[in-house]
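> Quick check, what structure comes out for this input:
(one chain, ligands or ions: 1)
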Amino acid sequence: MSLLNEYFKLNNGVRIPKIGYGTWQIFDGPDAVEIFETAIKKGYRHLDTAALYDNEESVGKAIEKSDVDREDIFITSKVLSSIKTYEGTLEAFETTMEKLGFDYLDLYLIHGPTPMHDREGNYDKENIEVWRALEKLYKEGRIRAIGISNFRVHDMKNLMEHAEIKPMVNQIRFFVGNTKDDIVEYCKKHDILVEAYSPLGVGRLLDKPVLTEIGKTHNVTPAQVALRYCLQKGTLPLPKTKTPSRMDENARLEFTLTDDEMKRLDDIDDDLR
Ligand SMILES: NC(=O)c1ccc[n+]([C@@H]2O[C@H](COP(=O)([O-])OP(=O)(O)OC[C@H]3O[C@@H](n4cnc5c(N)ncnc54)[C@H](OP(=O)(O)O)[C@@H]3O)[C@@H](O)[C@H]2O)c1
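Next up, the predicted model:
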């Protein structure tokens, strides 16, 4: 059985396919629809989009055109990190749903704890407002699971102190050499699934000789080593590729890295951080 048909269980019992398909930098249009349709044809059942990516419409169209039922595909989207009000979040959600063309979403995330133009700012109070909007949509059954992205331990503690419903997911930048252990540990303790974005280091990780060496012993590519590493760390990888052969490659992860290999990967220098 392919890992594309295996699941993690979120803390509310919802099942989420173990490998997601990242869609960043594939912009709305016929090419995007075709690329997403190909990913679905190849077995991906978990698509990661965001209002920011400018491709929600194409994600919706690709699912509509495919012969897979909506209920069999897990869709994640995200509210822009610049939206920090209750009403603004509810409006953003409706826009996302219009673009996708569906009446419910599987997972909705706060894209970031701070807007991009003010990364160092403090938005603790505002994040609680945004979270309240997500809780409302969740309780109404519009969203099957809710979560956060790019939240640091401080941001999570703030949310946990005030939230009625705790997040099910934190989607963070995570790859070999960049493992953010404090965040992962906090998430584990609170049963929050960590999703690994940029699991290939946006492609730049793949030149590292250690990955090639370890790959050779398993007859797999550096990309497969990098993705398997995420899974063995208990995280859910979200590789992005517009290349059909790589879609297959990134899902063929049925091998196991030894403890020694995991340790070698843990020790890799983190110059891509
Ligand atoms: N929440 C957030 O703030 C956030 C931020 C960044 C990303 N994300 C999510 O995470 C997803 C993945 O992250 P990412 O797009 O930053 O980077 P990534 O998945 O780490 O890397 C993507 C790059 O690697 C290449 N690639 C893919 N598979 C490969 C393979 N088997 N061999 C060699 N090269 C390969 C792709 O090229 P081709 O496409 O040309 O094949 C692309 O250039 C995003 O698409 C998005 O859904 C979330």
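> got the residues of the stretch 1-150 of the chain near the ligand?
Contact residues, the stretch 1-150 of the chain versus the ligand (Cβ under 6 Å from any ligand atom): 22, 23, 24, 48, 111, 149, 150. C-betas here are computed from N, CA, C, even on glycine.
> Which residue comes closest to the first one once chain neighbours are left out?
Take residue 22 and drop its neighbours on the chain: the residue closest to it by Cβ to Cβ, 6 or more residues apart in numbering is residue 240, 3.2 Å away.
> sorry, back to before: could you work out the most separated pair of the residues of the stretch 1-150 of the chain next to the ligand?
23 and 150 (17.1 Å; Cβ to Cβ).
> Look at those two and report which has more neighbours.
Counted by other Cβ atoms under 10 Å, residue 23 and residue 150 do not tie: residue 23 has more neighbours, with 27 against 20.
> Might you report the residue contacts of that one?
Remark: with contacts taken as Cβ atoms under 8 Å, 6 or more residues apart in numbering, residue 23 is in contact with 32, 36, 47, 48, 49, 53, 55, 59, 240.
> contacting residues around the residue of the chain most remote from its centre?
The outermost residue of the chain relative to its centre, with distances by Cα atoms, centre = their mean, is residue 217 at 28.8 Å. Residue 217 makes contact with residue 261 under the criterion Cβ under 8 Å, 6+ apart.
> how about whichever strand or helix holds it, does it reach the ligand?
Element membership for residue 217 (DSSP states H and E) is helix 209-218. No: counting by Cβ under 6 Å from any ligand atom, the ligand is not contacted by helix 209-218; separation bottoms out at 10.7 Å.
> about what we covered before: ok, and the most crowded of the contacts of residue 23?
Among these, residue 59 has the most neighbours (other Cβ under 10 Å), with 29 neighbours.
> didn't residue 148 look like it was pressed against residue 159?
Yes: at 6.9 Å, residue 148 counts as touching residue 159 under the criterion of Cβ atoms under 8 Å.
> overlap in contacts of these two?
Taking Cβ under 8 Å, 6+ apart as the contact rule, residue 148 and residue 159 both touch residue 167.
> higher neighbour count, these two?
Higher neighbour count among residue 148 and residue 159: residue 148, with 26 against 21, using other Cβ under 10 Å.
> ok, residues contacting stretch 105-112?
Where contact means Cβ under 8 Å, 6+ apart, the residues beyond stretch 105-112 that reach it are 14, 16, 50-52, 74-81, 93, 96-97, 127, 130-131, 134, 137, 142-151, 168-169, 171.
> Run through the residues that contact the closest residue to the ligand within the chain.
Using Cβ to the nearest ligand atom, residue 22 is the residue of the chain that sits closest to the ligand, at 2.4 Å. Residue 22 makes contacts with 48, 197, 238, 239, 240, as judged by Cβ under 8 Å, 6+ apart.
> Count the neighbours of residue 224 for me.
By other Cβ under 10 Å, 22 other residues sit near residue 224.
> Distance from the host helix or strand of it to the middle of the chain?
If you go by DSSP H and E, residue 224 is part of helix 222-232. Relative to its parent chain, helix 222-232 has a centroid offset of 15 Å by Cα atoms, centre = their mean, to the nearest Å.
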